[in-house]
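[1] for reference, the sequence and a predicted model appear below.
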Amino acid sequence: MNKDFSSLSRIEQKINGSRKLSNYIVGGMLTIGGVGFILASISSYTGKDFLPLGNPSALLFVPQGLIMGAYGVIANLLNLYLWYMVFINFGSGFNSFDKSSKKVLIKRKGLFKDIDVNINFDEIKSVKLDISEGFNPRRRIGLVLKGRRKILPLSSAGDLKPLLEVEEEGARLAKFLSVNLEGIK
């Protein structure tokens, strides 16, 4: 990929969605835990062990088996939601900047429908770096639109690139769009 955007007439940036290793790990743990709690609840109700570990049939169904069953149902509902998000690749898409048509196209995969945003270059006030460090760090690039206070994020959620890389990408994009760069202190 060409790192200098000034010689290009069009830029396409691919945005990763929810198909991340961390979501697969959490989904796997939720699946195992949810099924385990359901099997422990069924074991305490029937008096037969359906789990190879422990002795859940010895648990009293009221209240321990019921509570374990409730935990299992909740875990499996969260599990279904997370696997659906991974299946549809929620948040994935692309950013397209075209100098010839002077348009920005931002596409993202939504929960029930895709999100498309079309912006003219003359509507863009600046490129803003939204950087916060600490317990929940955030490093993203966004567009500030004229006459609006909202910032339109361009980078994917949970994408924590090195600070220098985010600053350089923001500077190259601001130069390509011929606007100011905000957020560097």
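    The structure has been received and is ready for your questions.
[2] go through stretch 51-70 and flag the buried ones.
    56, 57, 59, 61, 65, 68, 69 (16 or more other Cβ atoms under 10 Å). Heads up, the C-betas are built off the backbone N, CA and C, glycines and all.
[3] tell me where this protein has strands.
    Counting by DSSP state E, the chain has strands at residues 10-15, 93-98, 103-108, 115-120, 124-132, 138-145, 151-153, 180-182.
[4] I'd say residue 72 and residue 38 touch.
    Yes. Between residue 72 and residue 38 there is a contact at 3.6 Å, judged by Cβ atoms under 8 Å.
[5] and those two? Which one has more around it.
    A direct count of neighbours by other Cβ atoms under 10 Å for residue 72 and residue 38 places residue 72 higher, at 21 against 18.
[6] poorly predicted segments of this structure, please.
    Low-confidence segments of the chain, defined by pLDDT under 70: 1-6, 149, 184-185.
[7] got the domain ranges for it?
    Domain ranges of the chain: 5-16+91-182, 22-88, per automatic domain parsing.
[8] between all of the buried residues of stretch 51-70, which two are separated the most?
    Of all pairs drawn from the buried residues of stretch 51-70, the one with the longest distance (Cβ to Cβ) is 57 and 69, at 14.1 Å.
[9] before we move on, the earlier item: now, which of the buried residues of stretch 51-70 lie within helices?
    When DSSP state H is applied, the buried residues of stretch 51-70 are split such that 68, 69 fall in helices.
[10] same list, the buried residues of stretch 51-70, but as JSON lines with distance to residue 121 please.
    Compiled in JSON lines, the buried residues of stretch 51-70 are given as follows (distance: Cβ to Cβ, whole Å):
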{"residue": "56", "distance to residue 121": "63"}
{"residue": "57", "distance to residue 121": "68"}
{"residue": "59", "distance to residue 121": "65"}
{"residue": "61", "distance to residue 121": "66"}
{"residue": "65", "distance to residue 121": "63"}
{"residue": "68", "distance to residue 121": "58"}
{"residue": "69", "distance to residue 121": "57"}
